[in-house]
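S.K.: Here is a sequence with its predicted model. Questions after.
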Amino acid sequence: MTNDDRLFLVTAATGKTGGSTIDLLLRRGHRVRAMVHREDERSRSLAEAGAEVVVSDFHDLDGVTRALQGVTGAYLCHPISPGLIEATTYFAQAATEAGVRSVVNMSQISARREAGSNAARQHWLCERLLDRTNLLTAHLRPTFFAEWLKLWWELRDGEGYLRLPFGEGRHAPIASADQAHVIAAVLLDPEPHDRAVYTLHGPVELNHHDIARVMSSTLGIPVHYEPISVEEFAPAMAERGMPAHRIQHLSNVAIDYQSGVFAGTNDNVEKIGHRAPLSVEQFVLENKPDFGVSGPYFVPFGT
Ligand SMILES: NC(=O)c1ccc[n+]([C@@H]2O[C@H](COP(=O)([O-])OP(=O)(O)OC[C@H]3O[C@@H](n4cnc5c(N)ncnc54)[C@H](OP(=O)(O)O)[C@@H]3O)[C@@H](O)[C@H]2O)c1
């Protein structure tokens with residue numbers, strides 16, 4: 001049962017924020033078109049949940065144009081991979097031609113002109129590019145997602161390890177499900193957010209020693225934070241098959257993190273998304289099975 005005729009396009013539909021946004025919009029009875037770049041089990045379950053699935057690559061102008069036909073508002077979320085500026089240009093042009101009203105743009109907290117990360121600098125340029133269109137546009141700049149804690153988690157002999165180049169830097173991890181509440185709210189009522197840039201944080205700012213302590217008490221096992229240097233981190237990422245673009249990004253982001261670029265907290269999730277964001281403890285509890293694997297556990301392609 002739909003609430004109205006509006007159609008929302010969600011890209012990165014099989015990803016973290018895209019998937020959660022689709023779930024939320026569908027549960028609220030909205031019409032959703034999910035853009036995926038391949039058909040698989042995940043796209044089939046999106047269709048079963050009630051989304052209209054469209055297959056297109058961000059770098060296929062004709063495919064993106066088809067995906068945007070008849071769309072009222074769109075969520076644009078490009079992964080950390082080459083071609084962000086091209087993809088955003090295609091998306092902005094196709095959305096304008098299709099008469100789309102608004103775009104929610106996923107950027108990140110390190111997006112700025114002087115960023116050392118190529119991807120972060122490109123995010124900043126893409127924000128400025130979208131600001132020059134007639135689309136109602138809001139930019140989201142989250143700090144590190146809480147999902148990061150799963151991506152870099154290692155469990156050895158019953159003890160957890162976070163080996164990361166983050167020194168004593170701090171951030172308030174934000175779960176993608178919480179971000180979905182902000183994305184959905186802005187899609188549903190874009191006017192008040194036009195040209196806004198929102199940094200998104202979880203509720204509590206911590207360093208990784210604090211995070212390890214919270215994880216330890218929540219999981220009931222010893223958890224150690226082992227700070228490593230960026231010089232150690234880069235080859236570790238390469239060994240795990242991470243592409244050069246992402247290694248360049250994460251190496252520079254680690255320096256940013258140590259300098260406080262990812263720090264802070266605010267009430268944007270509550271104010272815009274009307275939801276209290278999950279703490280690290282709540283996130284770990286909700287995702288407890290994902291931390292219980294034996295042997296080194298690593299999912300290579302997170303941001
Ligand atoms: N993770 C973080 O901590 C964090 C923090 C701040 C901001 N962000 C921002 O969040 C955005 C994405 O986050 P993420 O990297 O964690 O990924 P994600 O949203 O979890 O997943 C990326 C999605 O994009 C899809 N995709 C990949 N290549 C595509 C292509 N060429 N055409 C169409 N779809 C494609 C993927 O599909 P498949 O799964 O089928 O490949 C997947 O659905 C980035 O812009 C990043 O800057 C992330």
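M.R.: Yep, that arrived. Numbers count the residues shown, from 1 in each chain.
S.K.: Can you give the contact residues for stretch 192-206?
M.R.: 102, 107, 109, 127, 131, 136-143, 146, 170-175, 178-179, 182, 186, 214, 263-266, 268-269, 272, 276-280, 283 (C-beta atoms under 8 Å, 6 or more residues apart in numbering). All C-beta spots, glycine's among them, are computed from the backbone N, C-alpha and C.
S.K.: Please narrow those to those residing in strands.
M.R.: Taking DSSP state E as the definition of strands, the contacts of stretch 192-206 contribute 102, 136-142, 170-171.
S.K.: Pick out whichever of the residues you listed sits closest to the ligand.
M.R.: residue 142 (4.1 Å; C-beta to the nearest ligand atom).
S.K.: re the thing from before, now cross-check the contacts of stretch 192-206 against the ligand and list the overlap.
M.R.: Applying C-beta under 6 Å from any ligand atom to the contacts of stretch 192-206, one finds that residue 142 fall near the ligand.
S.K.: and the protein, which residues reach the ligand?
M.R.: Residues of the chain lying near the ligand (C-beta under 6 Å from any ligand atom): 12-18, 37-38, 57-59, 77-81, 106, 108, 142, 144-145, 148, 302-303.
S.K.: Just those: which are in strands?
M.R.: Those of the residues of the chain next to the ligand lying in strands (DSSP E): 106, 142.
S.K.: Excluding covalently adjacent residues, which one is nearest to the residue of the chain found nearest the ligand?
M.R.: Here the chain gets closest to the ligand at one residue, residue 15, 2.5 Å apart by C-beta to the nearest ligand atom. Spatially, and ignoring its direct neighbours in sequence, residue 15 is nearest to residue 77 (6.5 Å; C-beta to C-beta, 6 or more residues apart in numbering).
S.K.: cool, residue 34 as well?
M.R.: Per C-beta to C-beta, 6+ apart, closest to residue 34 is residue 13, 3.6 Å.
S.K.: Also residue 92?
M.R.: The shortest distance from residue 92 to any non-neighbouring residue, by C-beta to C-beta, 6+ apart, is to residue 133 (5.1 Å).
S.K.: ok, that neighbour - how many residues close by?
M.R.: Using other C-beta atoms under 10 Å, the number of residues around residue 133 comes to 15.
S.K.: Check for me that residue 114 belongs to a strand.
M.R.: No. Looking at residue 114 with DSSP: H, G, I helix; E, B strand; the rest coil, it is coil, so not inside a strand.
S.K.: Number of residues surrounding the residue lying closest to it once chain neighbours are set aside?
M.R.: With sequence-adjacent residues excluded and distances taken as C-beta to C-beta, 6+ apart, residue 114 is closest to residue 121, at 7.9 Å. Burial of residue 121 is recorded as 20 neighbouring residues (other C-beta under 10 Å).
S.K.: correct me, but residue 291 touches residue 151?
M.R.: No. The criterion here is C-beta atoms under 8 Å, and residue 291 misses it with residue 151 at 11.5 Å.
S.K.: With neighbour numbers in mind, choose between these two.
M.R.: residue 291 (18 against 15).
S.K.: list the contacts for the more buried one?
M.R.: 150, 153, 155, 160, 215, 219, 284.
S.K.: Likewise for residue 261?
M.R.: Residue 261 neighbours (C-beta under 8 Å, 6+ apart): 109-110.
S.K.: Next, work out how far apart it and residue 134 are.
M.R.: 31 Å (C-beta to C-beta, to the nearest Å).
S.K.: so which helix or strand takes in residue 256?
M.R.: Using DSSP states H and E, residue 256 sits within helix 244-258.
S.K.: do residue 150 as well
M.R.: Using DSSP H and E, residue 150 falls in helix 148-151.
S.K.: so what does that helix touch, helix or strand wise?
M.R.: Contacts defined by 3 or more C-beta pairs under 8 Å, 6 or more residues apart in numbering; DSSP states H and E place helix 148-151 against helix 280-286.
S.K.: who's in contact with the helix it packs on?
M.R.: 146, 149, 173, 175, 202, 204, 206, 211, 214-215, 217-219, 278, 291.
S.K.: hmm, back to that, turn the ones in strands among the contacts of stretch 192-206 into a markdown table, including distance to residue 228.
M.R.: Putting the ones in strands among the contacts of stretch 192-206 into a markdown table (distance: C-beta to C-beta, whole Å) gives the following:
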| residue | distance to residue 228 |
| --- | --- |
| 102 | 42 |
| 136 | 43 |
| 137 | 38 |
| 138 | 36 |
| 139 | 32 |
| 140 | 29 |
| 141 | 26 |
| 142 | 24 |
| 170 | 17 |
| 171 | 17 |
